[in-house]
Structure formats: structure tokens, C-alpha cells
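Model the structure of this input:
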Amino acid sequence: MAEIGKGVTAGKLAINVQKRLTRAQEKVLQKLGKADETRDVAFEEMVSRFNQQMAEGTKLQKDLKAYQAAVKTMHDASRRLQDCLADMYEPDWFGKEEMDSLAEDTDTLWLEYQQNITDKSLLCIDTYLARFPDIKARIAKRDRKMVDFDSARHHFGSLQKGKKKDEAKIAKAEEELGRAQRIFEELNVELQDELPVLWDSRVGVYVNTFQNLAGHQEKFHREMGKLTQNLNDIMTKLEEQKQLNEEANHSESASSAPKSAVTNGSDGELPPGFLYKVKAIHDYAATDGDELELKIGDVVLVVAFDNPDEQDDGWLMGLLESNWLQKKDVSTKGVFPENFTQKV
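This next block holds a predicted model:
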């Protein structure tokens with residue numbers, strides 16, 4: 001059985017070698033002008049467009065992968081920067097928890113963007129290009145079968161024109177010609193149907209690829225813009241916290257009198273019942289007519305309650321220093337939450 005197997009393989013190999021030799025001879029004769037060549041200008045134009053289409057699609061795939069790699073590089077750089085900021089951010093600084101959450105949200109957004117590029121845009125172009133190798137192989141096979149057809153046609157013609165006609169050889173040559181023509185025409189018809197459809201499909205592929213990419217880009221930059229604004233707000237609050245701490249430290253070092261000293265206002269510069277000064281470290285919107293509205297940085301002159309029994313825990317009575325200096329009017333005083341301020 002092994003010898004028979006070898007014989008079959010050797011036979012097929014011999015047939016393939018003979019086919020290659022016959023095709024090579026036919027091509028040489030055609031190039032020398034000694035044998036006519038089957039030409040199909042319309043099909044050649046289709047093949048030219050196919051090659052152009054495949055080259056453009058391959059370049060787009062390459063550039064999309066390069067874009068995805070650049071996005072990954074930016075993601076890695078962003079993550080390292082966020083990690084650096086998290087390591088430096090001290091626990092008592094403003095917005096420590098918000099900073100940690102912001103870093104996590106930023107990392108998630110980058111990961112989603114990369115995955116969307118892969119799943120939507122790259123997958124679309126990969127699926128599109130997967131069709132090309134099979135068609136390219138069938139075009140090459142069609143070209144080989146066309147040479148076989150020309151060779152069979154010329155062989156049949158030469159036998160018919162010979163002085164000594166061998167009817168058996170002519171019949172065999174005619175049969176081989178019919179078979180070669182049939183194989184060639186089947187391939188030719190299939191490709192003539194498929195190539196125009198493939199050519200027209202490129203528009204839809206490009207539209208889907210770039211619409212998906214544009215949509216994900218727009219979403220990514222919109223969401224990243226929100227996170228960037230949040231980061232900017234946290235940094236602004238941190239700067240305000242720093243300035244308030246510096247002013248408080250400066251006031252403590254410059255003052256020689258106890259902060260809790262009570263003044264009766266006899267110097268004419270402070271309101272009656274003045275106790276001490278505080279500075280607002282948060283905004284406070286008054287919700288009642290007897291409350292004092294605060295903005296970050298406002299200096300408040302704390303005064304004693306007219307009736308101590310009216311004082312609630314955690315609330316102080318006072319008036320804005322700016323109003324007092326301008327009007328010297330104690331009627332503008334009001335209550336406010338103590339934890340929204342800091343002594344100065």
C-alpha cells in the first residue's frame with residue numbers, strides 16, 4: 001500500500017510539473033508574439049481596483065493599530081501621572097477622597113476608549129480585509145487557468161492545421177480544450193460577480209469604521225472634559241485652603257493678645273460685645289432672616305448674643321467686618337455655623 005501511495009503522489013507531482021512547464025512555454029510564446037493571448041480589459045480593470053482596494057484597506061488597518069497603540073501609550077502616561085499625584089496628595093488636603101475617585105474614573109474611561117476602538121473600528125476593518133486573501137488566490141488561479149485554456153486552444157488549433165491529422169489526438173485535444181475552457185469560465189464568472197460587489201462595499205466599511213471612531217472620540221473627550229474640570233475645581237479649593245492656613249498662621253504669630261480676649265468696643269473700631277474674628281472657609285447660604293450669609297474668605301466679627309439662652313450649640317453671632325468698617329451698623333449681624341469658619 002505504501003508503494004501505491006508513493007506512486008500516486010509521484011504521478012500528481014509529475015502532472016503539476018508538466019502543467020508549469022506548459023504554462024511557462026505558453027507565456028514565452030505570448031510574449032514573443034508567436035501565440036495570441038486571451039485578454040479581458042474589463043476584468044483587468046477589476047483586478048487593478050481590487051489591488052488598490054486591498055492596499056488602501058491594509059494601510060487603514062495599519063494606521064488604526066498605530067492609533068490604538070498611541071491611545072494605550074497616552075493611557076499609560078495618564079495613569080502614571082495620576083499615581084504620582086495620589087502619592088503626593090496628603091490625607092488632610094482638600095478633596096483627598098475625590099482625588100482617589102477621580103483617578104479611578106479617569107483610568108476606567110481610558111480603558112473603555114481603547115476597548116471601543118478594538119471592538120468597533122478595528123474589528124470592522126479586520127473583518128473586511130479577511131475577504132481579500134481568498135479572492136486574491138482565486139484571481140491567481142483564474143490567471144493560471146486562462147494560460148491553460150490558451151495553451152489547450154493553441155494545441156488543438158495546431159493539430160487541426162497539421163498535414164497529417166490524427167483524429168484520436170484531435171479528439172483528445174478538443175476534450176482537453178473544453179475542460180480547460182469550462183474551468184476558466186467558471187472562475188471568471190464567479191470573480192466578475194464578486195469583484196464589483198467587493199469594490200462597492202468599501203464605502204460602507206469606511207463609513208462604519210470612522211463613524212464608530214468619531215462617536216467614541218466625542219464621548220471620550222466629553223467625559224474626560226468633565227473629569228478635567230473636577231480636577232481643576234479640587235486644585236482651586238486646595239489653593240484656597242492653603243491661603244487660609246497661611247493667613248491663620250500669620251495672624252497667630254503677629255498677635256500678642258489672647259485670641260479669646262473680650263473687647264467692649266470702647267476703641268470705636270469694634271462693635272459692642274466683640275469677642276474675636278473668624279474667616280469663612282466655606283460658602284454658607286442663609287436660609288432664615290436672622291442668619292448671616294458667608295462667602296469663602298469673608299472676615300466675621302464675632303459678638304456676644306444679647307440673650308445667651310438664645311445661642312444654639314455650634315452657632316455664633318457676628319457681622320461682616322467689611323460692613324462694620326463701612327457703616328458701623330450692628331443691625332447687620334446674624335447667626336452662622338461655627339464649623340464653616342476658622343479663627344484668625
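
Tell me where the longest helix sits in the chain.
helix 167-254 (DSSP state H).

Counting by contacts, list what it packs against.
With contacts defined as 3 or more CB pairs under 8 Å, 6 or more residues apart in numbering; DSSP states H and E, the packing partners of helix 167-254 are helix 41-88, helix 96-116, helix 123-129, helix 132-161, strand 274-280, strand 341-343. C-beta coordinates here come from the backbone N, C-alpha and C atoms, glycine included.

Which elements pack onto the shortest one?
Pointing back at strand 341-343 there. When contacts are defined as 3+ CB pairs under 8 Å, 6+ apart, strand 341-343 sits against helix 167-254, strand 274-280.

okay, the angle between the longest helix of the chain and strand 274-280?
170 degrees (axes from the mean of the first three to the mean of the last three CA atoms, to 10 degrees).

Reformat the helices and strands packed on strand 341-343 as CSV; add mean pLDDT and distance to Ser158.
Compiled in CSV, the helices and strands packed on strand 341-343 are given as follows (pLDDT from 0 to 100; distance: least, CB to CB, whole Å):
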stretch, mean pLDDT, distance to Ser158
helix 167-254, 91, 9
strand 274-280, 92, 108
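
how big is the angle separating the longest helix of the chain from helix 132-161?
Here helix 167-254 runs at an angle of 160 degrees relative to helix 132-161 (the same axes, to 10 degrees).

Would you tell me which one of the helices and strands packed on helix 167-254 is buried the most?
Across the helices and strands packed on helix 167-254, averaging neighbours per residue (mean count of other CB atoms under 10 Å) puts strand 274-280 on top, at a mean of 20.

circling back: return the most buried member of the helices and strands packed on strand 341-343.
Greatest average neighbour count among these goes to strand 274-280 (a mean of 20), per mean count of other CB under 10 Å.

in its sheet, what does that strand sit against?
Within its sheet, strand 274-280 is paired with strand 299-303 (antiparallel), strand 341-343 (antiparallel), according to DSSP bridges.

closest to Arg49 out of the ones you listed?
strand 341-343 (75.5 Å; CB to CB).

residue nearest the centroid of the chain?
Tyr113 (4.0 Å; CA atoms, centre = their mean).

Make JSON lines out of the strands paired with strand 274-280 and add mean pLDDT and distance to Arg79.
Supplementary listing: the strands paired with strand 274-280 in JSON lines, determined by pLDDT from 0 to 100; distance: least, CB to CB, whole Å:
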{"stretch": "strand 299-303", "mean pLDDT": "94", "distance to Arg79": "43"}
{"stretch": "strand 341-343", "mean pLDDT": "92", "distance to Arg79": "36"}
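
Enumerate every residue touching the residue nearest to the centre of the chain.
Val71, His75, His216, Phe220 (CB atoms under 8 Å, 6 or more residues apart in numbering).

Tell me the confidence at the nearest residue to the first one once chain neighbours are set aside?
With CB to CB, 6 or more residues apart in numbering as the measure, Gln114 is the residue that lies nearest to Val71, at 5.6 Å, once sequence neighbours are left out. Reading off the confidence values, Gln114 has pLDDT 95.
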